[in-house]
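Chemist: Got a sequence here, can you model it:
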Amino acid sequence: MADSQRISEPRNSVHQDEIWRAHVKSEKHSTDAWPNRWGFLVEAYKEYGRENVKLREELKVERPKTPEPKDINVGPSPPLPKTSQAVIGWRSSRPDLQLEKHGVVHHGRCSFLRELGWPLGSCG
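Modeler: Predicted coordinates:
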């Protein structure tokens, strides 16, 4: 209960100043040591940029144009069926509106445990 009434801990400004100086010294040391340890990355990055520009110029390919909105013909949707579930799944019953144009997807139809011949409750 005494902790809930305490407003804040007393601060030692000298200790906080020492911590700040240590952080500044560490940052300065890191700044001075970085070129010796990692300076080679600067030249590698510049070389990468030059190669990237060169490859872009060599591979400058004309991208195909997207069709104009007037060239896209989207017909109106057929009316909703008069059922209690009219909004959910009505398009999947129409073969011309199905998403699977190339057949049914068969992923996830087998079990790893069944492939190994193990009982289904063996892992768990």
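
Chemist: Skip ahead from the helix or strand encompassing R37 and say which helix or strand is next.
Modeler: Assigned by DSSP states H and E, R37 belongs to helix 13-38. Once the chain leaves helix 13-38, the next helix or strand it forms, by DSSP H and E, is helix 40-58.

Chemist: what angle sits between that next one and helix 13-38?
Modeler: If you take axes from the mean of the first three to the mean of the last three CA atoms, to 10 degrees, helix 40-58 sits at 50 degrees to helix 13-38.

Chemist: CA atoms only for helix 40-58, dumped as CSV, please.
Modeler: Extracted C-alpha coordinates of helix 40-58, given in CSV (Å, rounded to 0.1, in the frame of the first residue of the first chain):
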residue,chain,number,x,y,z
PHE,A,40,33.7,-2.0,-47.4
LEU,A,41,30.0,-2.1,-47.5
VAL,A,42,29.8,1.5,-48.8
GLU,A,43,31.8,0.7,-51.9
ALA,A,44,29.9,-2.6,-52.4
TYR,A,45,26.6,-0.7,-52.2
LYS,A,46,27.7,1.9,-54.7
GLU,A,47,28.9,-0.9,-57.1
TYR,A,48,25.5,-2.6,-56.7
GLY,A,49,23.8,0.6,-57.6
ARG,A,50,25.9,1.0,-60.8
GLU,A,51,25.2,-2.6,-61.8
ASN,A,52,21.5,-2.1,-61.2
VAL,A,53,21.3,1.0,-63.4
LYS,A,54,23.2,-0.8,-66.1
LEU,A,55,20.9,-3.8,-66.0
ARG,A,56,17.8,-1.6,-66.1
GLU,A,57,19.1,0.1,-69.2
GLU,A,58,19.9,-3.2,-70.9
